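Chemist: Provide a 3D model corresponding to the input given below.
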Amino acid sequence: MIRRKFTSEPHIPKYQQVFENLSRDILSGKYTPGQKFPSEATLVQQFRTSRITVGRALRELSQRGLVKRVAGSGTYVGRVHVAEGSLLFGLLIPDLGRTEIFEPICQGIASAPKAAQHALLWGHAATPEAPPEEQALGLCDQFIRREVAGVFFAPIEGGAKAGEANLTVVAGLEQARIPIVLLDRCIRPYPDRCWHDLVGIDNRRAAYLATDHLLRHGSKRVSFLAYSRGAPTVEARIAGFREALLSQGIPLEGGPVHRVDEITETSIRPLLKNHRQSDGFVCANDRTAGELMKVLLASGYRIPPDARIVGIDDVEYASLLPVPLTTVHQPGREIGEAAMEAMLSRIERPARLARDILLECRLVVRESCGARKSGG
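Modeler: Numbering: from 1, shown residues only. Sure thing, here's the model as predicted:
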């Protein structure tokens, strides 16, 4: 069973975080109408917070009609109704819980100012242990049956089956005339484009920033590391990496882009030959960077000066790695808010040209690159 991690963001009130997590569970079908809801004491323990915070979140749920509090009996799940004039949207994110960037994106969609009058249906897979491709197809069928007004879709990454499932999902929603807003990535290989709005960051620029930073801070040779069968965003990041090398007059010969099935000492050995001349690593994302860091440290390399690493995404644990990771920040919550605006705009003007809505990304400098820390 896939467990979703409760994430805590310092700039968001704790009661709001609890409310968003509980409302998502109710709307996803985790709790059925009329079912007794967990007690305040249980929720205090689950979210590791105070009874006052949980009580405020429960009052918010009650005001929205998601729960009903019965004196002397407890709290029960209410029946979810979409108010007249409101729209019901579906969240189709099979990688939620496996890919760190989607939790804050979902929170941004749910808390966007324009979302208050509408309802979100969090996809609840009938068989959570099934492969993500099967989950995506099942959720797509659910949303079509519910006749949702639109779907926020984060395409699955990882191989031919994922690509086929993504195309099938989009084709089904298109046939049902349900608008789609893509989150983070397209369903087609970079630089191809499909006919749907996409909200994310400029992945090409993100990798350019990371690569340029390493080159300007002493790295003599920089390599790009990614897993095989990555998302289209990885291809865009590779393009930005190569552009940064060329802008500094560095030739692309010698295989500076490395794709591996797993990160082990054996698989990255080609990157480590003459490591003092190949000391900079731009990783496709923070997870790849963290795994590379683990292998390098276990092999006796110092980070820095023997190796310098930059990731992309700035996930929650990036600053908590053995050597705090320099990375490019992806503003997940703001992406979610922009996605809701894009969806409402698409419904209002269905014939408008598809748009790429790319939010600003910034470099967060920590110890792993050898430069002076700037934040995070």
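Chemist: Which stretches in the stretch 101-250 of the chain count as helices?
Modeler: Applying DSSP state H, counting those that start in this stretch to the stretch 101-250 of the chain gives helices spanning 102-111, 132-146, 160-175, 203-216, 232-247.
Chemist: Make JSON lines out of those and add distance to Gln46.
Modeler: Using the backbone N, CA and C atoms, a C-beta is placed for each residue, glycine as well. What follows is the helices of the stretch 101-250 of the chain, written out as JSON lines (distance: least, Cβ to Cβ, whole Å):
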{"stretch": "helix 102-111", "distance to Gln46": "16"}
{"stretch": "helix 132-146", "distance to Gln46": "24"}
{"stretch": "helix 160-175", "distance to Gln46": "32"}
{"stretch": "helix 203-216", "distance to Gln46": "35"}
{"stretch": "helix 232-247", "distance to Gln46": "33"}
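Chemist: who wins for proximity to Ser368 among these?
Modeler: Of all those, it is helix 203-216 that lies closest to Ser368, at 10.3 Å by Cβ to Cβ.
Chemist: mean confidence score for stretch 98-105?
Modeler: For stretch 98-105, mean pLDDT is 84.
Chemist: typo on my end, stretch 252-265
Modeler: 84.
Chemist: How far does it stretch from one end to the other?
Modeler: 24 Å (Cα to Cα, to the nearest Å).
Chemist: Distance from the chain centre to that stretch, please.
Modeler: 24 Å (Cα atoms, centre = their mean, to the nearest Å).
Chemist: Reformat the helices of the stretch 101-250 of the chain as CSV; add mean neighbour count and distance to Leu92.
Modeler: Shown next, in CSV, are the helices of the stretch 101-250 of the chain (neighbours: other Cβ atoms under 10 Å; distance: least, Cβ to Cβ, whole Å):
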stretch, mean neighbour count, distance to Leu92
helix 102-111, 23, 11
helix 132-146, 19, 5
helix 160-175, 17, 7
helix 203-216, 23, 21
helix 232-247, 20, 17
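Chemist: wait, which of the ones you listed is closest to Pro191?
Modeler: With Cβ to Cβ as the criterion, Pro191 lies closest to helix 232-247 of the helices of the stretch 101-250 of the chain, at 7.4 Å.
Chemist: what's that closest one packed up against?
Modeler: On a contact count with 3 or more Cβ pairs under 8 Å, 6 or more residues apart in numbering; DSSP states H and E, helix 232-247 meets helix 203-216, strand 222-227, strand 257-260.
Chemist: Would you map out the domains in the protein?
Modeler: The chain breaks down into these domains under automatic domain parsing: 14-77, 88-201+332-359, 203-329+362-369.
Chemist: What distance separates the opening and closing residues of the first one?
Modeler: Between the opening and closing residues of domain 14-77 there is a gap of 22 Å (Cα to Cα).
Chemist: For Leu296, find the nearest of the helices of the stretch 101-250 of the chain.
Modeler: helix 203-216 (15.0 Å).
Chemist: Run the chain-centre distance for that closest one.
Modeler: In this view, helix 203-216 has its centroid 20 Å away from the chain centroid, taken as Cα atoms, centre = their mean.
Chemist: what about the residue located most distally from the centre of the chain, which helix or strand?
Modeler: The centre of the chain is farthest from one residue, Gly72, which by Cα atoms, centre = their mean lies 41.3 Å away. In the assignment (DSSP states H and E), Gly72 maps to no helix and no strand.
Chemist: How many residues are close by Arg355?
Modeler: 14 (other Cβ atoms under 10 Å).
Chemist: Enumerate every residue touching Asp197.
Modeler: Neighbouring residues of Asp197 by Cβ atoms under 8 Å, 6 or more residues apart in numbering: 180-182, 342-343, 346, 354-357.
Chemist: Mind listing residues that contact stretch 292-300?
Modeler: 225, 263-265, 268, 272, 281, 283, 303, 306-307, 309, 321-323, 325, 368.
Chemist: Who are the contact partners of Ala338?
Modeler: Per Cβ under 8 Å, 6+ apart, neighbours of Ala338: 108, 199, 357, 359.
Chemist: quick one: it and Leu296, what's the gap?
Modeler: 36 Å (Cβ to Cβ, to the nearest Å).
Chemist: Check Thr266 too.
Modeler: 13 Å.
Chemist: Can you pick out the residue with more neighbours from these two?
Modeler: The neighbour count for Thr266 versus Leu296, taken as other Cβ under 10 Å, is higher for Leu296 (23 against 10).
Chemist: Tell me where the stretch 251-376 of the chain has helices.
Modeler: 269-272, 286-298, 332-348.
Chemist: what angle do the last one and helix 102-111 make?
Modeler: Going back to what we said before, that points to helix 332-348. Note on geometry: by axes from the mean of the first three to the mean of the last three Cα atoms, to 10 degrees, helix 332-348 and helix 102-111 are set 50 degrees apart in direction.
Chemist: If we go by neighbour counts, what in helix 332-348 is buried?
Modeler: For helix 332-348, the neighbour count (16 or more other Cβ atoms under 10 Å) marks 332-346 as buried.
Chemist: burial count for Ser62?
Modeler: Ser62 has 14 neighbours, counted by other Cβ under 10 Å.
Chemist: name the element it belongs to?
Modeler: Ser62 belongs to helix 51-63, assigned by DSSP H and E.
Chemist: any idea which helix or strand comes after that helix?
Modeler: With elements assigned by DSSP H and E, the helix or strand that comes after helix 51-63 is strand 67-70.
Chemist: Is it correct that Arg221 is in contact with Gly280?
Modeler: Yes - here Arg221 reaches Gly280: they are 6.7 Å apart, a contact under Cβ atoms under 8 Å.
Chemist: Have a look at those two and say which one is more surrounded.
Modeler: Neighbours were counted for Arg221 and for Gly280 using other Cβ under 10 Å; Gly280 has more, 25 against 18.
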